[in-house]
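Colleague: quick one: sequence and predicted model below, then my questions.
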Protein chains: 2
Amino acid sequence: MPPTITAFENSPDRGRGQARDMRVRWALEEVGQPYDVRLVSFEAMKAPAHLALHPFGQIPTYEDGDLALFESGAILLHIAERHGGLLPKDANARSRAIAWMFAALSTVEPPIVELTMAMLFERDESWYAERLPMLRDRVRTRLGELSRRLGDAEWLDGAFSAGDLMMVTVLRRLNTSGVLDEYLEIAAYVARGEARPAFRRAFDAQLAVFTAASRS
Amino acid sequence: MPPTITAFENSPDRGRGQARDMRVRWALEEVGQPYDVRLVSFEAMKAPAHLALHPFGQIPTYEDGDLALFESGAILLHIAERHGGLLPKDANARSRAIAWMFAALSTVEPPIVELTMAMLFERDESWYAERLPMLRDRVRTRLGELSRRLGDAEWLDGAFSAGDLMMVTVLRRLNTSGVLDEYLEIAAYVARGEARPAFRRAFDAQLAVFTAASRS
């Protein structure tokens, strides 16, 4: 039995690969592991059956035999530990690749989510116009630091790893903000990630869900 | 040679254990690994020597022989993988403990940081009073979900693990907000973490840095 992941029945990003199941789909495609998908509605995400899998009522989850996992970072690491191709064999390089996964999630993603959530949900608030430049600057600080470290390297630390996979998916959340265009090296880095065949397969699979849902 | 971590020369929390080196100190105390500390000023954190260790100019970092790591989550996982006591031996339970580490950092911490940073840095902004209830409610959503999952259990999933260590340090950032007092099970959970001898040793060590700095 292949593992089963959960994804949005009706993704708010209209299938543009910004939902967090994309990270898991991409990882499974990179390592060549087939998987099943169970789609969940927003209502079902907050119902007891899903909360038993994911205490915070989100997607994705990952079920494989007796194991049930939540959190895209944990699922990605679990996959990377059990298959070749996403973590270096050298112990130190492996720890550094994992550090980039955490950096993507703990240091780079929070200001990006703050900006994109404000653009979605606080647009009509009195403070929106006044706060927006501050939120964009917080993202710029992180992108500037990331850009300095990346330089003209292809990936963050040697060969493509789970750290790059996570970082690229985090940076893609900026797609509608225009901020990414200010950092040419980072935009090129994201494009390199998106050009990987495994990314394309994962992207097409999640887009097909949205296309099918909007047809029905 | 013991590993060397970095910590604030002058911690903004006045030594109350909310800086992120606390997570690493606590982990090292749990596994009985001695360590050295190198203190860095805010200026030094943004200088080339520190940026070579930490691309985002933050603390903590971790140096052990040839290995240099950043991100408290990655450092905690690295320590937990190399010593007994912070991750279960059973493979599935181990993956679940790691999922709680990621949940603490990716799902619980961001709204907490948003609230506490607004309380520190946006207090004089025109929008502060109007936005504050929204920020508190975002934190309450996560605490409500966490509280339902925790119930009257001692720790999040069986024995104390790296997942609990990370979650307790994340929740402690709420200390000055008053929100934690609304969730008795979570307040008791945090208190259980704080009562561990390894926590006390780590807390005392980081407090001593602040006390020494304010004496000089």
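Modeller: Looks like it came in fine. Keep in mind that what you see is a predicted model, and the values were worked out from it rather than measured.
Colleague: spatially central residue for chain A, please.
Modeller: A:Thr169 (3.8 Å; C-alpha atoms, centre = their mean).
Colleague: list the residues that contact that one.
Modeller: A:Gly17, A:Gln18, A:Arg20, A:Met22, A:Arg23, A:Trp26, A:Ala104 (C-beta atoms under 8 Å, 6 or more residues apart in numbering or on different chains). All C-beta spots, glycine's among them, are computed from the backbone N, C-alpha and C.
Colleague: not counting its neighbours along the chain, what's nearest the closest residue to chain B within chain A?
Modeller: Taking C-beta to the nearest C-beta, chain B has its nearest neighbour within chain A at A:Trp127, 3.2 Å off. Nearest residue to A:Trp127, sequence neighbours excluded (C-beta to C-beta, 6 or more residues apart in numbering or on different chains): B:Trp127, at 3.2 Å.
Colleague: that neighbour - how many residues pack around it?
Modeller: 16 (other C-beta atoms under 10 Å in any protein chain shown).
Colleague: helix or strand for the most far-flung residue of chain A relative to its centre, which one?
Modeller: Here the centre of chain A is the reference, and by C-alpha atoms, centre = their mean the most remote residue is A:Ser126, at 30.8 Å. According to DSSP states H and E, A:Ser126 maps onto no helix or strand at all.
Colleague: that one against B:Tyr128, yeah?
Modeller: No - A:Ser126 is beyond contact range of B:Tyr128, at 11.9 Å (criterion: C-beta atoms under 8 Å).
Colleague: output the longest helix along chain A as CSV, nothing but the C-alphas.
Modeller: When secondary structure is assigned using DSSP state H, the longest helix within chain A turns out to be helix A:128-150. Extracted in CSV, the C-alpha atoms of helix A:128-150 (Å, rounded to 0.1, in the frame of the first residue of the first chain):
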residue,chain,number,x,y,z
TYR,A,128,-3.6,48.0,5.9
ALA,A,129,-2.0,50.7,3.8
GLU,A,130,0.1,52.0,6.6
ARG,A,131,1.4,48.5,7.7
LEU,A,132,2.1,47.1,4.3
PRO,A,133,5.5,48.7,3.7
MET,A,134,6.7,47.4,7.1
LEU,A,135,5.6,43.8,6.2
ARG,A,136,7.3,44.0,2.8
ASP,A,137,10.5,45.3,4.5
ARG,A,138,10.5,42.4,6.9
VAL,A,139,10.4,40.0,3.9
ARG,A,140,13.1,42.0,2.1
THR,A,141,15.4,41.7,5.1
ARG,A,142,15.2,37.9,4.9
LEU,A,143,15.5,37.8,1.1
GLY,A,144,18.5,40.1,1.2
GLU,A,145,20.2,37.8,3.7
LEU,A,146,19.3,34.7,1.8
SER,A,147,20.5,36.3,-1.5
ARG,A,148,23.9,37.1,0.0
ARG,A,149,24.4,33.6,1.2
LEU,A,150,23.1,32.0,-2.1
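Colleague: just checking, what packs against the host helix or strand of A:Ser214?
Modeller: In this structure, A:Ser214 sits in helix A:197-215 according to DSSP H and E. If you count contacts as 3 or more C-beta pairs under 8 Å, 6 or more residues apart in numbering or on different chains; DSSP states H and E, helix A:197-215 packs onto strand A:4-8, helix A:21-31, strand A:36-40, helix A:184-194.
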